[in-house]
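> okay, predicted coordinates and the sequence, questions at the end:
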There are 2 protein chains.
Amino acid sequence: MFIKEIVQYKDKEIVLKGWVASLRSSGKIMFVQLRDGSGFVQVIIDKATVGDEQWEAIKGLTQESSIVVTGIVSEHPKKPGVFEVQASNVEVVHISEEYPIGNKDHGPDFLLDKRHLWLRSRKQWAIQRVRNTIINAIYEFLNYDGFIKIDSPILTPTSCEGTTELFEVPYFEDNTAYLSQSGQLYLEAAIFAHGRVFDFGPVFRAEKSKTRRHLTEFWMMDAEAAFVSHEENMVIQENLISFVVEKVLANNLSELEILERDVEKLQKVKAPFKRMTHAEAVKFLQSAGSDIGDRDDLGADDETMLTKDSDVPIFVEKWPKEIKAFYMKRDEEDEDLVLGADLIATEGFGEVIGGSEREIDYDILLARMHEEKLPIEAFQWYLDLRKYGSVPHSGFGIGLERLVAWITGVKHVRETIPFPRMINRLKP
Amino acid sequence: MFIKEIVQYKDKEIVLKGWVASLRSSGKIMFVQLRDGSGFVQVIIDKATVGDEQWEAIKGLTQESSIVVTGIVSEHPKKPGVFEVQASNVEVVHISEEYPIGNKDHGPDFLLDKRHLWLRSRKQWAIQRVRNTIINAIYEFLNYDGFIKIDSPILTPTSCEGTTELFEVPYFEDNTAYLSQSGQLYLEAAIFAHGRVFDFGPVFRAEKSKTRRHLTEFWMMDAEAAFVSHEENMVIQENLISFVVEKVLANNLSELEILERDVEKLQKVKAPFKRMTHAEAVKFLQSAGSDIGDRDDLGADDETMLTKDSDVPIFVEKWPKEIKAFYMKRDEEDEDLVLGADLIATEGFGEVIGGSEREIDYDILLARMHEEKLPIEAFQWYLDLRKYGSVPHSGFGIGLERLVAWITGVKHVRETIPFPRMINRLKP
């Protein structure tokens, strides 16, 4: 049984297996904060109850030591709803050496070097629990909405977006593979078989950015759907994000408390979200003091400024085509714009989703690829999709770590992934 | 709405959006087999109903053309439970060029070159639908059983098992990263924070094997649990596999029919599975004519022979330590054996799971690593786990593609993954 189930065992005997998160002793009584991965509970060990022989072993306990505790569950006399365990038997499994991570402030490099241990810290534990809820909520929503998981390949012969920020992998017979930056193009192929599809896996960017929002390896969920318009695409996205936030609020209030997250702000994240064209966003930002140009991408500061007074995330849609990818569909009302939308989170957490309707016309797509100087032959399979039953379709991609950062309120994405990879960080 | 929901719409008007899987025309009536990703349905288009103008466009339809059909759902007069659509309106979205994949037999290279289109074929569609059910069933089982998803890294500084079959990736500042072969060691770190954890992502083997069971990129689910013994580990595995098979039988009978899968054989795959020691397996195989040595690994033929007369998969446990990984726990009854178990599927589909209890003693583990000539410094973080609250624990890894091959009855794993990667195959 696990600590999270303890409420069901009031006044009953249970066995818990876990680690000493902290401990204090007052002569003949020891108070152990026990954690087992599912939660935390106070265990009270009385020398008179466990006997002299066990007490000798128990006296040697240190932080992180592993123990098996048998005891009776009781409700805290002064805090209803809080449960404790009165130990009747304590088996010491392993006495931990002196634990290197203490209560004092450690620098980020020290903690990242010790990531295999740092994961045990209360805050890091809480982040991964929320991440797990977010992952599962995304699956649940997409399953319900008819999306099938199609795992797009990681080893690819060419880049999806034609950038140079690719990791190269020597492949057999003097070939070179590239680590995928996005599975989108492959998902587009799969909609012709399955209608609605998604992938959810690691992607890679060999970008030399050293910001709190960049990892070289991160997790991306791409979704793609046939017969879905730009407008409908945004509705799917806002419903998905609302659903995910709702699930976290339902399952992880205690974790959010550990993270000191402002829960009221999350409670307001409900569809429909706001919509604003790129032109409107630029106009607003310029009036607010940004030096953004009329056809520029939004900077991090612009994103923060834009959502500063908004309770819900904002879709910025209809972007200048030259700053967006070649596969986005032109806006028929203004051919210099594309029907893409970025979803900007609240509270300065920036872009969490990028999506668009896709160009479906073979000739227009080919012309766009020539403009971008893409290697046409390598993309012929992708162009094929516009030859054999082309259909209107849209899709979007969620960067998992940025979503986790926003929902947990953690400032740096390196804490949102179990083992972060950055320019200068490949270990452990 | 989607074709899979059609049973709810008998005698009602619906709109379906999809592709022409096949068609035949008898003068003034056209029969279109329509597919929309969720299923297949026959659409009957009567010239008299749709009118001359639409009929002209409809006459131009080809296989794979995309259409939007409005019509009334009716039950087939002679086949109860089979539904058709009597079209009242047909909008042609795109006329497909002549489709390169026909009914005639194509060679595997041709089909793999056209994988982006081949995915649309009925059989390939069915395989991916079953794969999707399997993926979701694994998540459902593990969530229910208290496992948290912990994404292990793909870019790693060293190999998990110290083999040389690694893809190298030039990293920043003249570093080299290796693509992960397994997330297990990282999951072992995470159990100390979360108790029970799993990952589910792509792994890579630069193996020069060209068999029907090898891919260079494939999906692996690793699970790891604290305070779980070798015996309990096998129970989790057999319950998981039974659950997955049950879910496929509940959700994908029509797909299994397309795949001509012997469903009766699957219905018998129920826990408990058989258990047999490696020594017993070898003795049986030798008596059955295999030339396997007493301390050898099982070959593919051995695996087939072993399960030939078994309705359920077989755990082969307690292996000679020299043919298994360094981290497996020794059998206390025979120090030359380890508490590992491979699960061998029925019907000649071979190993689908490898698992073991893990060594928890620092000194024994270190000695094993020296024996295997592993770079100790690179694995110090892993050894650390035995210093700070070491606990008994076990885990296992499922190769998704082999599991899908077995459950679908597909002989070659290249058909079980959307975009297979093999020695000579990196495209599309």
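Perfect, thanks for sending it.
> what bridges to A:G201?
A:M220 (DSSP bridges).
> what's it in contact with, if anything?
A:D151, A:S152, A:I154, A:G183, A:W219, A:M220, B:G201, B:P202 (C-beta atoms under 8 Å, 6 or more residues apart in numbering or on different chains). C-beta: built from backbone N, CA, C; applies to glycine.
> same check on A:I241?
A:I241 neighbours (C-beta under 8 Å, 6+ apart): A:V269, A:A271, A:F273, A:P313, A:L343, A:V352, A:I353, A:L403.
> closest to B:P100 out of the residues you listed?
Nearest to B:P100 among those, counting by C-beta to C-beta, is A:I353 at 35.3 Å.
> state the distance from the closest one to A:M220.
11 Å (C-beta to C-beta, to the nearest Å).
> of those two, which one has the most company?
A:I353 (25 against 21; other C-beta atoms under 10 Å in any protein chain shown).
> the nearest residue to that one once chain neighbours are set aside: neighbour count?
Once flanking residues are discounted, A:I353 sits nearest to A:L343: 3.9 Å by C-beta to C-beta, 6 or more residues apart in numbering or on different chains. Neighbours of A:L343 under the rule other C-beta under 10 Å: 23.
> need the overlap of contacts for A:I353 and A:M220.
With C-beta under 8 Å, 6+ apart as the test, A:I353 and A:M220 both reach A:G397, A:I398, A:G399.
> which stretches of the stretch 301-428 of chain A form strands?
Using DSSP state E, counting those that start in this stretch, the strands of the stretch 301-428 of chain A run over A:314-320, A:330-331, A:334-344, A:351-357, A:393-399.
> give the full set of residues in contact with the residue in the stretch 51-200 of chain A that chain B sits nearest to.
Nearest to chain B, among the residues of the stretch 51-200 of chain A, is A:G195, at 2.5 Å (C-beta to the nearest C-beta). Neighbouring residues of A:G195 by C-beta under 8 Å, 6+ apart: A:G146, A:I148, A:A225, A:A226, A:F227, B:F2, B:G18, B:D36, B:G37, B:S38.
> same check, this time on A:H76
So A:H76 contacts A:V82, A:F83, A:E84 (C-beta under 8 Å, 6+ apart).
> mind checking how far the closest residue to the first one other than its chain neighbours is from A:S88?
Distances taken as C-beta to C-beta, 6+ apart place A:H76 nearest to A:V82, at 4.0 Å, with adjacent residues excluded. Noted for A:H76: a distance of 18 Å to A:S88, by C-beta to C-beta.
> one more: A:K427?
43 Å.
> how about the residues of the stretch 1-150 of chain A by chain B?
Applying C-beta under 8 Å from any C-beta of the partner chain, we find that the stretch 1-150 of chain A lies next to chain B at A:2, A:17-20, A:36-38, A:64-66, A:68, A:93-94, A:96-97, A:99, A:114, A:116-117, A:119-120, A:124-125, A:128-129, A:131-132, A:135-136, A:139, A:143, A:146, A:148-150.
> and these, which are buried?
With neighbours counted by 16 or more other C-beta atoms under 10 Å in any protein chain shown, the residues of the stretch 1-150 of chain A next to chain B contain buried members at A:2, A:17-20, A:36-38, A:64-66, A:93-94, A:96, A:99, A:114, A:116-117, A:119-120, A:124-125, A:128-129, A:131-132, A:135-136, A:139, A:146, A:148-150.
> quick one: the helices in chain A?
With DSSP state H applied, chain A shows helices at A:47-59, A:108-113, A:115-118, A:122-144, A:184-194, A:230-251, A:253-258, A:263-267, A:278-287, A:300-307, A:362-371, A:380-384, A:400-408, listed in chain order.
> A:I29 reaches A:V43, doesn't it?
No - when contacts are counted by C-beta atoms under 8 Å, A:I29 is not listed as touching A:V43 (10.9 Å).
> neighbour count: the two, which is higher?
Counting neighbours by other C-beta under 10 Å for A:I29 and for A:V43 shows that A:V43 has the greater number, 21 against 13.
> skipping adjacent residues, who's closest to A:T211 in space?
A:A300 (7.7 Å).
> now that neighbour: how far from A:R212?
Taking C-beta to C-beta, one finds A:A300 at 9 Å from A:R212.
> A:R24 too?
Applying C-beta to C-beta to A:R24 and A:R212 gives a distance of 36 Å.
> re the thing from before, so what's the residue nearest to A:T211 up against?
A:T211, A:R213, A:G350.
> if we can go back for a sec, dump the contacts of A:G201 to a markdown table, plus distance to A:L306 and pLDDT.
Output for the contacts of A:G201, formatted as a markdown table (distance: C-beta to C-beta, whole Å; pLDDT from 0 to 100):
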| residue | distance to A:L306 | pLDDT |
| --- | --- | --- |
| A:D151 | 35 | 98 |
| A:S152 | 31 | 98 |
| A:I154 | 34 | 98 |
| A:G183 | 29 | 96 |
| A:W219 | 26 | 98 |
| A:M220 | 23 | 98 |
| B:G201 | 34 | 98 |
| B:P202 | 36 | 98 |
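> quick check, nearest of these to B:L240?
B:G201 (17.6 Å).
> for A:T346, see how far away the closest one is.
In this view, B:G201 and A:T346 are 30 Å apart by C-beta to C-beta.
> ok, A:F379 next?
37 Å.
> chain B contacts on the stretch 301-428 of chain A?
A:360, A:381-382, A:384-385, A:387-392, A:417-419, A:421, A:423-424, A:426-428.
> looking at chain A, which residue reaches furthest from the middle?
Here chain A reaches farthest from its C-alpha mean at A:D52, the gap being 48.8 Å by C-alpha atoms, centre = their mean.
> pretty sure A:D36 contacts A:W19?
Yes - the pair A:D36 / A:W19 is scored as a contact, 7.4 Å apart, by C-beta under 8 Å.
> check contacts around the residue nearest to A:R414 when sequence neighbours are not counted.
In this structure, A:R414 finds its nearest non-sequential neighbour in A:P420, 4.1 Å apart by C-beta to C-beta, 6+ apart. Contacts for A:P420 (C-beta under 8 Å, 6+ apart) come out as A:L112, A:R115, A:L215, A:V413, A:R414.
> the third one contacts A:F419, doesn't it?
Translated: A:L215. No - at 10.3 Å, A:L215 and A:F419 do not qualify as touching, with contact defined as C-beta under 8 Å.
> show me what A:S74 is bridged to.
A:E84.
> please work out how many residues are found near it.
Count around A:S74 with other C-beta under 10 Å applied: 14.
> I'd say it and A:V82 touch.
No - here A:S74 does not reach A:V82: they are 10.0 Å apart, not a contact under C-beta under 8 Å.
> and the end-to-end length of stretch A:251-264?
Using C-alpha to C-alpha, to the nearest Å, the span of stretch A:251-264 from its first residue to its last is 15 Å.
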